[in-house]
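**Student:** This is the structure alone, sequence omitted:
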């Protein structure tokens, strides 16, 4: 039997909105304590549509486009992480958040808070809490994350681990979701970024077309003006994300 928990251990942030709001729980979910990790995001909307100005701090790294769609999908291999910094990183894809106040997303936390890497699957309909689900995934596992906008405010979110031969699908809805942007992201959930080396997001597609065809914007994770993790050039449906600095 699978366990599903809604927790406030970490709070994922949209690319503009910095305010944490109340809990939305699924019928079998359990709320938890005040967040122990706090980090705001870091891009300010520019004056010309989807152009975003770099700021001193950004929690997101990867690629985002100011354009919605029906299905976003991306794959990656869970990287080895040097946990000397004791932080939490997260790999995911989804819709909204790049200048909007909701995010519909699914992915994996690379959680070093215990001193060694723990890979935790979750999905989130922000501003509701992350929903972590009890499924084993490890370093080196091949993951695929898919978010589908079904209709209106309804979404289907699927995370699959082909190495361990499991797949979990969630159907959820969120008032205010408008499916106006799409992202493939590595995110910093703590003040530092633990060294994950270099990882590749592959098979990135928006509505069956290579994500790069949408001319997405590149985003660098940064803190106090220091680059922490940077995306390489997107080549069709894949790009590398490389650790630079804690």
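**Tutor:** Arrived safely. Predicted, not measured: the structure shown is a model, and the values here were computed from it.
**Student:** Identify the residue nearest the geometric centre of the protein.
**Tutor:** residue 92 (3.3 Å; CA atoms, centre = their mean).
**Student:** does it count as helix, strand or coil?
**Tutor:** Using DSSP: H, G, I helix; E, B strand; the rest coil, the secondary structure recorded for residue 92 is strand.
**Student:** pLDDT score assigned to it?
**Tutor:** As predicted, residue 92 sits at a pLDDT of 98.
**Student:** ok, how many other residues are close to residue 86?
**Tutor:** Using other CB atoms under 10 Å, residue 86 is surrounded by 14 other residues. Just so you know, the C-beta spots here come from the backbone N, C-alpha and C atoms, and that holds for glycine as well.
**Student:** picking that back up, could you report the distance from the residue nearest to the centre of the chain to residue 122?
**Tutor:** From residue 92 over to residue 122 the distance is 8 Å, taken as CB to CB, to the nearest Å.
**Student:** Mutual contacts of those two, please.
**Tutor:** Contact criterion CB atoms under 8 Å, 6 or more residues apart in numbering; residues shared by residue 92 and residue 122: 106, 107, 108.
**Student:** check contacts around the last one.
**Tutor:** Translated: residue 108. Per CB under 8 Å, 6+ apart, neighbours of residue 108: 78, 90, 91, 92, 119, 120, 121, 122, 137, 143, 159.
**Student:** Take those residues and lay them out in TSV including distance to residue 63 and secondary structure.
**Tutor:** Formatted as TSV, these follow (distance: CB to CB, whole Å; DSSP: H, G, I helix; E, B strand; the rest coil):
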residue	distance to residue 63	secondary structure
78	19	coil
90	15	strand
91	13	strand
92	12	strand
119	22	strand
120	23	strand
121	22	strand
122	21	strand
137	23	coil
143	17	strand
159	19	strand
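**Student:** Residue 233: helix or strand, and which one exactly?
**Tutor:** For residue 233, there is no helix or strand it lies in under DSSP states H and E.
**Student:** which ones are touching it?
**Tutor:** Here residue 233 is in contact with residue 239 (criterion: CB under 8 Å, 6+ apart).
**Student:** repeat for residue 156
**Tutor:** Listed by CB under 8 Å, 6+ apart, the contact partners of residue 156 are 146, 147, 148, 150, 169, 170, 171.
**Student:** Beta-bridge partners for it, please?
**Tutor:** Note on residue 156: beta-bridge partners residue 148, residue 171, judged by DSSP bridges.
**Student:** same check, this time on residue 132
**Tutor:** Assessed by DSSP bridges, residue 132 has beta-bridge partners residue 5, residue 122.
**Student:** I'd assumed residue 122 was in contact with it.
**Tutor:** Yes - taking CB atoms under 8 Å as the definition, residue 132 is a contact partner of residue 122 at 4.6 Å.
**Student:** of those two, who's got more company?
**Tutor:** residue 122 (24 against 21).
**Student:** how close does that one sit to residue 66?
**Tutor:** Counting by CB to CB, the gap from residue 122 to residue 66 is 25 Å.
**Student:** cool, and residue 103?
**Tutor:** Taken as CB to CB, the span from residue 103 to residue 66 is 14 Å.
**Student:** what about these two, which has more around it?
**Tutor:** Ranked by neighbour count (other CB under 10 Å), residue 103 and residue 66 place residue 103 first, with 27 against 18.
**Student:** State the helix or strand in which residue 63 lies.
**Tutor:** strand 60-65.
**Student:** Check which helices and strands that strand sits against.
**Tutor:** strand 182-188, strand 198-206, strand 217-219, strand 226-231, strand 239-243 (3 or more CB pairs under 8 Å, 6 or more residues apart in numbering; DSSP states H and E).
**Student:** Least confident secondary structure element in this protein?
**Tutor:** Every helix and strand in the chain was compared by mean pLDDT, DSSP states H and E; the lowest is strand 43-45, with a mean of 30.
**Student:** what's the spacing between the residue nearest to residue 92 when sequence neighbours are not counted and residue 213?
**Tutor:** Spatial nearest neighbour of residue 92, excluding adjacent residues (CB to CB, 6 or more residues apart in numbering): residue 107 at 2.7 Å. For residue 107, the distance to residue 213 equals 22 Å [CB to CB].
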